[in-house]
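Colleague: pasting a predicted model and its sequence here:
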Amino acid sequence: MRDRHRATADPARVRNDRARRVERWVGLMLATALGLSGCATYADLPLDSGAGAADVARLAAPTSNMPLPALSTHRFDAADGLDVAEVAMLAVINNPQLRVKRDELGVARAQAFAAGLLPDPQLALSADFPRQSGAGLSTAYSLGLSEDITALLTRSSRKAAASSQASQVNLDLLWAEWQTVAQARLLFDQVLSMRAQRARLEQEQTALATVTGHIRSALDAGNLTYDSASAGLNAEADVHQRLADTTIALHQAQADLHLLLGLAPTAKLDLVGAPWLGQPTPEQVRAAFDDLPRRRPDLLALQAGYQSQQARVRSAILAQFPALNIGFNTARDTSAVYTNGLGIGITLPLFDRNRGNIAIERATRQQLHDDYTARVLGTRSDMQRISSDLATLDAQLVTLAAHARRLDQARASAEQAWQAGTLDWPTYLAIRGSALGADLDLLSAQLERARQSIALEALLGNTDLAATPPASTQASPP
């Protein structure tokens, strides 16, 4: 009777016992998973206003963060104005696009870290509870541990690919910093050149005001017809139009420089000193031409990207072999019989065999190979062309400077004769117009030479080519 009573125990009590056992098993699994894993926490990152820095004097540019030797030894002090080197230093530190590039480098390094991590093993735990109670019955369970072997086999290739990718992003960042330095130098030169052109046009506008006043007085007195006066009136209108166009171009250059430096549009920017001047020697150009693929960050970045793709091709080839998963398990059935087991899972390579991914990775590698060849060839061609252009511009600057000096002397003599009343105003205006054109042409040619010189230095990948050009090429109009 006692055994019969045990066999017919209260069904509610049996269900409660089973529920408690389920809870213990689930709790054990959760505790095991949480104990083996680390926990990351979430923190909000709100967007900022994007207003830019408003006070240049409060900004700093540590020399330790400079990508170029010429900038790493230059003292940065925004309180006394910014010279061309300080503008380049501030651009490296505060340029918004470079910040994005540095964020991309952080992502690439995180991806390289993730690629080096071992795949997590899989833990499987299950339990079976008899629906009836009786002698010799017990709770059955199964505990298994398995690992993806294929992921282990391809880990080294994936890690090498991600590491090379991070190196490529790092080199791309260095190249972007070099390009930002070049852009900062060019905008510095543009602003100074536009200011010089505006000052020259304002000077001319002031001088023409006296002549046009004389012409209008003669028109009002009836001593001059509008046909005869049109040359003088058009000269004043032409200078006024050119002054407006130059002022607009100056506003654009200043806005571009503010944006490059990450400054607010209303931030005061005091530029001081001479513009950047570079004069690479033919020997330096030839040396850089021969050693180009080993020094240029963009070419080194393409090389790193190609190595990354080589690793991806190897990884895709390794992945064509059957996917293998191996596991071990131990179990107990409801009759309290214990067993140990081995589980192997394999993918049958009948249709896919990863052939599509292999073809994609090989085609991508060929594309990167040809891209690198084209980049090197294009760079060498650009270097040769710019070197020839600089030689032509240097000769042109000598001629323009001498021509501008002669016309400036003629303008000064004509002005004295005009004031003395010994020179008619049409001749005086013609001389002034020729002198103005020569001065503006010289300023434009100087800016073009600076642009080509900065571009050549960026192509050469050499940061120590700055030198003072011959004095004859530095002449500027009064």
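Modeller: Received, thanks. Every value quoted in this text rests on a predicted model; they were computed, and no experiment measured them. Residues are numbered from 1 along each chain as shown.
Colleague: which secondary element of this structure has the worst mean pLDDT?
Modeller: Comparing every helix and strand of the chain by mean pLDDT, DSSP states H and E singles out helix 2-7 as the least confident one, with a mean of 44.
Colleague: residue 72 contacts residue 63, correct?
Modeller: Yes: counting by C-beta atoms under 8 Å, residue 72 does reach residue 63; the two are 4.8 Å apart. Using the backbone N, CA and C atoms, a C-beta is placed for each residue, glycine as well.
Colleague: for this protein, which segments count as helices?
Modeller: The residue ranges that make up the helices of the chain, judged by DSSP state H, are 2-7, 11-36, 69-72, 84-94, 96-115, 149-153, 155-221, 226-260, 282-290, 297-318, 355-420, 425-460.
Colleague: of those, which stretch is the most buried?
Modeller: Among those, helix 84-94 has the highest mean neighbour count (mean count of other C-beta atoms under 10 Å), at a mean of 24.
Colleague: so where is the stretch 201-350 of the chain shaky, pLDDT-wise?
Modeller: Low-confidence segments of the stretch 201-350 of the chain, defined by pLDDT under 70, span residues 218, 220-229.
Colleague: ok, 80 please
Modeller: Per-residue confidence of the stretch 201-350 of the chain (counting by pLDDT under 80) places the weak regions at 212-233, 277-291, 321-324, 332, 334-336, 347-350.
Colleague: quick one, what contacts residue 168?
Modeller: Applying C-beta atoms under 8 Å, 6 or more residues apart in numbering to residue 168 gives the contacts 108, 301, 302, 304, 305, 308.
Colleague: need those in CSV (columns: distance to residue 357).
Modeller: Rendered in CSV, the data for those read as follows (distance: C-beta to C-beta, whole Å):
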residue, distance to residue 357
108, 22
301, 25
302, 23
304, 22
305, 18
308, 15
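Colleague: and those residues, which two are the farthest apart?
Modeller: When those are compared pair by pair using C-beta to C-beta, the farthest-apart members prove to be 108 and 302, with a separation of 15.3 Å.
Colleague: now the helices of the chain as JSON lines including distance to residue 326?
Modeller: Supplementary listing: the helices of the chain in JSON lines, determined by distance: least, C-beta to C-beta, whole Å:
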{"stretch": "helix 2-7", "distance to residue 326": "44"}
{"stretch": "helix 11-36", "distance to residue 326": "19"}
{"stretch": "helix 69-72", "distance to residue 326": "54"}
{"stretch": "helix 84-94", "distance to residue 326": "52"}
{"stretch": "helix 96-115", "distance to residue 326": "22"}
{"stretch": "helix 149-153", "distance to residue 326": "6"}
{"stretch": "helix 155-221", "distance to residue 326": "16"}
{"stretch": "helix 226-260", "distance to residue 326": "57"}
{"stretch": "helix 282-290", "distance to residue 326": "54"}
{"stretch": "helix 297-318", "distance to residue 326": "17"}
{"stretch": "helix 355-420", "distance to residue 326": "24"}
{"stretch": "helix 425-460", "distance to residue 326": "54"}
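Colleague: what's the closest of those helices to residue 324?
Modeller: Set against residue 324 and scored by C-beta to C-beta, these come closest in helix 149-153, at 4.3 Å.
Colleague: what's the closest one packed up against?
Modeller: Using 3 or more C-beta pairs under 8 Å, 6 or more residues apart in numbering; DSSP states H and E as the contact criterion, the elements in contact with helix 149-153 are strand 324-332.
Colleague: and the strand it packs on, how far from the chain's centre?
Modeller: Chain-centre distance of strand 324-332: 50 Å, with C-alpha atoms, centre = their mean, to the nearest Å.
Colleague: buried ones in it?
Modeller: By neighbour count, and taking 16 or more other C-beta atoms under 10 Å as the criterion, the buried residues in strand 324-332 are 324, 325, 327, 329, 331, 332.
Colleague: check the gap between residue 111 and residue 41 for me.
Modeller: With the distance defined as C-beta to C-beta, to the nearest Å, residue 111 ends up 21 Å from residue 41.
Colleague: so what's the closest residue to residue 307 other than its chain neighbours up against?
Modeller: Nearest residue to residue 307, sequence neighbours excluded (C-beta to C-beta, 6 or more residues apart in numbering): residue 164, at 4.4 Å. Taking C-beta under 8 Å, 6+ apart as the definition of contact, the neighbours of residue 164 are 304, 305, 307, 308, 311.
Colleague: can you rerun that using 6 Å?
Modeller: Contact partners of residue 164, counting by C-beta atoms under 6 Å, 6 or more residues apart in numbering, are 304, 307, 308.
Colleague: follow-up on the earlier one: of the helices of the chain, which is nearest residue 46?
Modeller: Residue 46 lies closest, by C-beta to C-beta, to one member of the helices of the chain: helix 96-115, at 16.3 Å.
Colleague: ok, residues contacting the closest one?
Modeller: 158, 159, 162, 163, 165, 166, 169, 170, 173, 176, 180, 262.
Colleague: quick one: it to chain centroid distance?
Modeller: Relative to the chain's own centre, helix 96-115 is displaced by 12 Å; criterion: C-alpha atoms, centre = their mean.
Colleague: residue 194 versus residue 249, what's the distance?
Modeller: Distance of residue 249 to residue 194, computed by C-beta to C-beta: 6 Å.
Colleague: from what I can see residue 126 touches residue 142, true?
Modeller: Yes: taking C-beta atoms under 6 Å as the definition, residue 126 is a contact partner of residue 142 at 4.8 Å.
Colleague: more crowded one of these two?
Modeller: For residue 126 versus residue 142, the count of surrounding residues by other C-beta atoms under 10 Å is larger for residue 142: 16 against 13.
Colleague: dihedrals phi and psi, residue 267?
Modeller: The phi and psi torsions at residue 267 (degrees, to the nearest 10) take the values phi -70, psi 140.
Colleague: how many neighbours does it have?
Modeller: The number of residues packed near residue 267 is 17, by other C-beta under 10 Å.
Colleague: again, but for residue 339
Modeller: Applying the criterion other C-beta under 10 Å, we find 10 residues in the vicinity of residue 339.
Colleague: list the contacts of residue 342.
Modeller: Contacts for residue 342 (C-beta under 6 Å, 6+ apart) come out as residue 328.
Colleague: if I look at it, how far off is residue 127?
Modeller: In this structure, residue 342 and residue 127 are 21 Å apart, going by C-beta to C-beta.
Colleague: pLDDT score for the closest residue in space to residue 296 that isn't next to it in sequence?
Modeller: Take residue 296 and drop its neighbours on the chain: the residue closest to it by C-beta to C-beta, 6+ apart is residue 461, 4.0 Å away. Per-residue confidence at residue 461 stands at 70 (pLDDT).
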